[in-house]
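> Next come a sequence and a model predicted from it.
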Amino acid sequence: MIEEEFYKQATLTDISSPKERIGSIPPKIGPYKIESLLSKGGMSVLYIGLHPETKELITVKVLSPEYATHVEMVERFLKESKIIGMTNHPNIVKLFGQGTWEGGLYIAMEFIRGVSLKQFILQQSLSLKRSVDIILQVAYALLHLHSHGVIHGDVKPENILITEDGEVKLIDFGIALLKGDAARPTKIAGTPAYMAPEQKEDPMKMSFASDIYSLGIIAYELAMGKLSFGVIHPSLLPKGLRKIIQQALAISIDERYPDITTFIFDLSQYLKTGGLEKDKPGSDQLKEVLEMIQIAGQSLSPSLLPSWPGIEMGLTKYRAPGQGGSYFDFFKFPDNTYGIVIAESMASDLDGTVYIGVLRGMVRTLLKNKPFDALWISHINQTVKEDWIGQKFSLAFLKINPLLETLSLTTCGLGGLIHVPQGSTSPRKLSSHNPLIGQESNTEFFVTVDNWSMGDMLTFYSLEPTMENYLLEAIAENTLLSAQAQAEAIIKKAATHASFSLQKNPKVLITIQRIG
C-alpha cells in the first residue's frame with residue numbers, strides 16, 4: 001500500500017512550497033507586455049505575454065518572490081533558462097529571453113496550445129502506430145537534449161504536450177541537469193511513477209539512462225492505453241515492442257539502453273521491418289482510420305487567421321482527444337464585407353467529421369455565387385435538406401460591414417455573439433433563434449442586425465448556452481486585452497464550467513476588435 005501511494009504522488013521537489021500568494025498582474029515583465037495570468041504554483045508564476053516584435057503570445061515564467069533570496073532556487077531558475085536556451089528542436093519548447101525585472105527573475109518561452117499526453121492516455125485509446133510515433137518524437141527530443149549534455153529528469157505525460165497539429169512538445173525543465181554538474185539535488189526530485197530506480201535511490205545518480213527509463217514507462221502506458229502508477233506487466237505488451245520496452249525499463253543501468261540513439265534505432269527498425277504490423281491488434285485498423293479522419297477534419301478549418309484591414313482578431317480552439325465534427329471558416333466578399341462561419345455536425349465523431357466536410361464544400365460553393373443573407377441561409381438549408389446524406393447541422397454565421405458599420409448574425413442551434421460597444425463594460429448577448437440546417441424544408445430564417453462602431457469588441461463562439469454567464473463575466477474582466485489574449489482568457493474562464501468538458505464537439509471562440 002505504501003509503495004502504491006508513493007507512485008501516485010505528483011512531482012516531488014527538494015524545496016518546500018511556500019504559502020500561495022500572488023499580487024496584481026504586472027503590466028510588463030522585461031520587454032514583454034503581460035496580458036493575463038496563465039497559472040501559478042509553489043515556486044513560479046506563469047503569465048501570458050506578447051512578444052514585442054512578432055506580437056505573438058508567449059509564456060512568461062517568473063520565480064515566486066518567496067524564493068528571490070533562496071540561492072539554490074535562483075541558481076535552478078537560471079539553469080532552467082540556460083538549458084532551454086541551449087536547445088533548438090521542434091519537439092522542445094523554445095526560449096525567447098531571460099532576465100531580471102522589478103519582481104525578480106523571468107523566463108520568456110514559447111506559448112504552446114495543446115493537450116497533455118496524460119489527457120490523451122486518459123481519454124482516448126491510440127493506435128499502436130500513433131503511440132510509437134509519439135514515443136519517437138519524445139525520443140528525438142531527448143536525443144537533442146542528451147547531445148547537449150542535458151538530463152531532463154522529469155519526463156512524464158504531463159510534461160509532453162500534443163499540439164493542435166499533432167506535434168509533440170517536451171516542456172518543464174525545472175529539475176533538469178547538465179551532465180557533470182556538481183550542483184545536484186540531495187533529496188528526491190521528480191515524479192515517482194516515472195523515476196528510474198537509481199533516481200529514487202540517490203538523486204545524485206540521475207543520468208541520461210534515467211530519462212530513457214522514464215520514456216520506457218511512457219511507452220508502456222501508451223501501448224497499454226492507461227496510466228501505470230508504477231505497476232508494470234511487460235508480458236501484456238505486444239511481442240515485438242515488449243523487448244524494446246523491457247530493455248528501456250531494465251533495473252540495472254548496465255542492462256538498459258546505453259544511449260537514446262540505440263533506443264531510437266530499435267524502435268525505427270520495429271516500424272520498418274514489419275514488427276509493428278505483426279503486433280497490431282485487430283482493433284487498430286479502425287483506430288488508424290479514426291486518427292486519419294481526425295487529422296483530415298482538423299485541416300477543414302484554416303490554421304491561421306486572415307488579415308483584414310482595421311480588424312484585429314483572436315482565435316482559440318479546444319479539441320479534446322477524439323473530438324471532431326466541427327468546422328469554421330473566414331470569407332472576404334467583393335463588396336469589402338467579411339464573414340465568419342462556425343458549424344457542427346449532429347452526427348457522432350467519425351460520421352460527423354465526414355459530414356462536416358460535405359457541409360464545408362456546400363458553404364464555400366454557395367458563397368461564391370450568393371451573398372450572405374437570410375435567403376442564403378434558406379438556400380444552404382434546402383441544399384442540405386435535399387441531399388442524400390440526410391444530415392442536420394448546427395451553424396452560426398457572422399457578417400461584418402465596416403463601411404456601413406453594421407453586423408448581421410444568424411444562429412441555427414449553435415453559439416452566439418457577445419457585443420461590447422466602445423467605452424462600455426456591459427457586454428450584450430446577441431442571437432437569432434433558427435432551426436438546425438437541414439431540419440425543415442422551406443423554412444424562414446431570421447437575421448439579427450446591430451451597429452458595429454469603431455472600438456467595439458465582438459466575441460463569436462460555439463460554446464453551449466449554459467456557459468454564457470461565464471463568458472459575459474470573462475469578457476467584462478478582459479476588455480483591455482489584445483484580441484488573441486482576450487480569446488485565451490475567455491476560454492480559460494469557460495473551461496472552469498462543469499459543462500465545458502461535456503460538450504461533444506471541439507470548442508471555437510473568435511474575438512474581433514475594430515481598430516481602424
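Arrived safely.
> thinking L290 is in contact with G352, fair?
No: L290 is not in contact with G352 according to CB atoms under 8 Å; the separation is 11.8 Å. For the C-beta atoms, the positions are set from N, CA and C on the backbone; glycine is no exception.
> Looking at those two, which one has more neighbours?
Neighbour count, other CB atoms under 10 Å: between L290 and G352, G352 has more, with 23 against 20.
> Any figure for the gap between the most far-flung residue of the chain relative to its centre and P435?
Using CA atoms, centre = their mean, the residue of the chain lying farthest from its centre is N442. It sits 41.0 Å away. Distance, N442 to P435, by CB to CB, to the nearest Å: 11 Å.
> can you list the domains in the chain?
2-110, 114-278, 302-514 (automatic domain parsing).
> Could I get those in a markdown table, plus columns for mean pLDDT and distance to D284?
Converted to a markdown table, the domains of the chain look like this (pLDDT from 0 to 100; distance: least, CB to CB, whole Å):
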| stretch | mean pLDDT | distance to D284 |
| --- | --- | --- |
| domain 2-110 | 82 | 24 |
| domain 114-278 | 91 | 5 |
| domain 302-514 | 87 | 15 |
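> As CSV, the ones you listed with distance to L286 would be great.
Putting those into CSV (distance: least, CB to CB, whole Å) gives the following:
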stretch, distance to L286
domain 2-110, 28
domain 114-278, 9
domain 302-514, 9
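> which ones are touching the residue sitting nearest the centre point of the chain?
By CA atoms, centre = their mean, the chain has its centre lying nearest to G114, at 1.6 Å. G114 sits next to L161, I162, T163, E164, K169 when contact means CB atoms under 8 Å, 6 or more residues apart in numbering.
> In three-state terms, label the last one for me.
With DSSP: H, G, I helix; E, B strand; the rest coil as the basis, K169 sits in strand.
> Strands along the stretch 151-300 of the chain, start to end?
With strands called from DSSP state E, counting those that start in this stretch, the stretch 151-300 of the chain shows them at 160-163, 168-170, 177-178.
> who wins for proximity to G297 among the ones you listed?
G297 lies closest to strand 160-163 among those, at 15.5 Å (CB to CB).
> List the buried residues for the closest one?
I160, L161, I162 (16 or more other CB atoms under 10 Å).
> Pretty sure the last one sits against I134.
Yes: the pair formed by I162 and I134 meets the contact definition of CB under 8 Å, at 7.5 Å.
> Now for those two: what residues contact both?
Jointly contacting I162 and I134 under the rule CB under 8 Å, 6+ apart are L117, V168.
> What is the neighbour count of the closest residue to T261 other than its chain neighbours?
The shortest distance from T261 to any non-neighbouring residue, by CB to CB, 6 or more residues apart in numbering, is to L143 (6.3 Å). Residues contacting L143 under the criterion other CB under 10 Å number 18.
> go on, the one 4 residues further on?
A count of neighbours around S147, defined by other CB under 10 Å, yields 13.
> That one and T261: what is the separation?
Here the criterion is CB to CB. By it, S147 lies 9 Å from T261.
> cool, and S39?
According to CB to CB, S39 stands 35 Å off from T261.
> now do K399
In terms of CB to CB, K399 sits 56 Å off from T261.
> Check Y213 too.
From Y213 to T261 the distance is 16 Å (CB to CB).
> who has more neighbours, these two?
Between Y213 and T261, counted using other CB under 10 Å, Y213 has the larger neighbour count: 23 against 14.
> isn't that one right next to L249, touching?
Yes: contact criterion CB under 8 Å: Y213 and L249 qualify, at 6.2 Å.
> Please, where are all the helices along the chain?
2-7, 71-86, 117-123, 128-147, 197-201, 208-224, 239-248, 260-272, 275-279, 284-298, 349-369, 374-386, 468-477, 483-494 (DSSP state H).
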